[in-house]
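A.B. asks: pasted the sequence and its predicted model underneath.
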Amino acid sequence: GAGVSQSPSNKVTEKGKDVELRCDPISGHTALYWYRQSLGQGLEFLIYFQGNSAPDKSGLPSDRFSAERTGGSVSTLTIQRTQQEDSAVYLCASAANNYGYTFGSGTRLTVV
Amino acid sequence: DAKTTQPPSMDCAEGRAANLPCNHSTISGNEYVYWYRQIHSQGPQYIIHGLKNNETNEMASLIITEDRKSSTLILPHATLRDTAVYYCIVRPSNTGNQFYFGTGTSLTVIP
């Protein structure tokens, strides 16, 4: 497709369960970012991938969070042992060099 | 560290120009000014960016002061669909540096 695709669009999970969120970036975009946005808050950076370089994980809030990007394309964000404070919209964005991000529509995660 | 300061909220009458200010007094010489907006329940949308010259596209105009310490995003004829949170961000043009989204300006266009 022409845009950044994220799935699922909504996810409700029980506290303590693991979840996987998927991002399909725009074809050819070498950079991929994950952000999260809690209700009424700004965007919080989580992790950044650029080509084959080691990812910038400086924004991951705890070791329960991890992400990978296979083949320089699709990315999966995994949250282990989910907590209620993990409830947020998780946004993925991709970028080509020298231009701005294109964001997906996000995955709304609710931990109950 | 968002490096920008914006008013938390603004109102604008439908059909009038919306002028959204942003202060970025610590901007570096290689940093661009980017504007994004986020309509409720959607991902942020790119609007415009610039280095030092004023820029215009089909969505908006960007006016950057000569000293580059502040800028103004102008929506020339605001519509109800322009109601959104507008984020002003500074960063180098190359990818490899994350965008720091501050709290932005919540613009409400009033009928």
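C.D. replies: Ah, there it is. Numbering: from 1, shown residues only, chains lettered A, B, ... in the order given.

A.B. asks: centroid-nearest residue for the chain?
C.D. replies: Since no chain was named, I'll use chain A. Note on chain A: the residue nearest the mean C-alpha position is A:W34, at 3.6 Å, using Cα atoms, centre = their mean.

A.B. asks: let me rephrase: I mean chain B.
C.D. replies: In chain B, the centroid-proximal residue (Cα atoms, centre = their mean) is B:W35; its distance is 3.5 Å.

A.B. asks: bridged to it, which residues?
C.D. replies: In this structure, B:W35 has beta-bridge partners B:I48, B:C88, where bridges are defined by DSSP bridges.

A.B. asks: go ahead and confirm it touches B:C88.
C.D. replies: Yes - the pair formed by B:W35 and B:C88 meets the contact definition of Cβ atoms under 8 Å, at 5.8 Å. (Glycine included, C-beta is placed from N, CA and C.)

A.B. asks: list residues touching both of the two?
C.D. replies: Residues touching both B:W35 and B:C88 (Cβ atoms under 8 Å, 6 or more residues apart in numbering or on different chains): B:20, B:22, B:73.

A.B. asks: these two touch, right, B:P44 and A:T102?
C.D. replies: No - under the criterion of Cβ under 8 Å, B:P44 makes no contact with A:T102, lying 9.4 Å away.

A.B. asks: using PDB, list the CA coordinates for stretch B:44-53.
C.D. replies: What follows is stretch B:44-53 as a C-alpha-only set of coordinates in PDB (Å, rounded to 0.1, in the frame of the first residue of the first chain):
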ATOM      1  CA  PRO B  44       0.300  12.700  13.100                       C
ATOM      2  CA  GLN B  45       0.300  14.200   9.600                       C
ATOM      3  CA  TYR B  46       3.200  16.100   8.000                       C
ATOM      4  CA  ILE B  47       2.300  19.700   7.100                       C
ATOM      5  CA  ILE B  48       5.400  21.600   6.100                       C
ATOM      6  CA  HIS B  49       9.000  22.200   6.900                       C
ATOM      7  CA  GLY B  50      11.700  24.800   6.300                       C
ATOM      8  CA  LEU B  51      15.200  25.900   7.100                       C
ATOM      9  CA  LYS B  52      15.300  29.700   6.900                       C
ATOM     10  CA  ASN B  53      13.200  30.800   3.900                       C
END
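
A.B. asks: what's in contact with that stretch?
C.D. replies: Identification of contacts with stretch B:44-53 by Cβ under 8 Å, 6+ apart yields A:43, A:91, A:93, A:100-103, B:32-39, B:55-57, B:59-62, B:64, B:68, B:71, B:73, B:86-87, B:93, B:101.

A.B. asks: which non-adjacent residue is nearest the residue with the largest distance to the centre of chain B?
C.D. replies: With distances taken as Cα atoms, centre = their mean, the residue sitting farthest from the centre of chain B turns out to be B:P111, at 22.2 Å. With Cβ to Cβ, 6 or more residues apart in numbering or on different chains as the measure, B:E14 is the residue that lies nearest to B:P111, at 5.3 Å, once sequence neighbours are left out.
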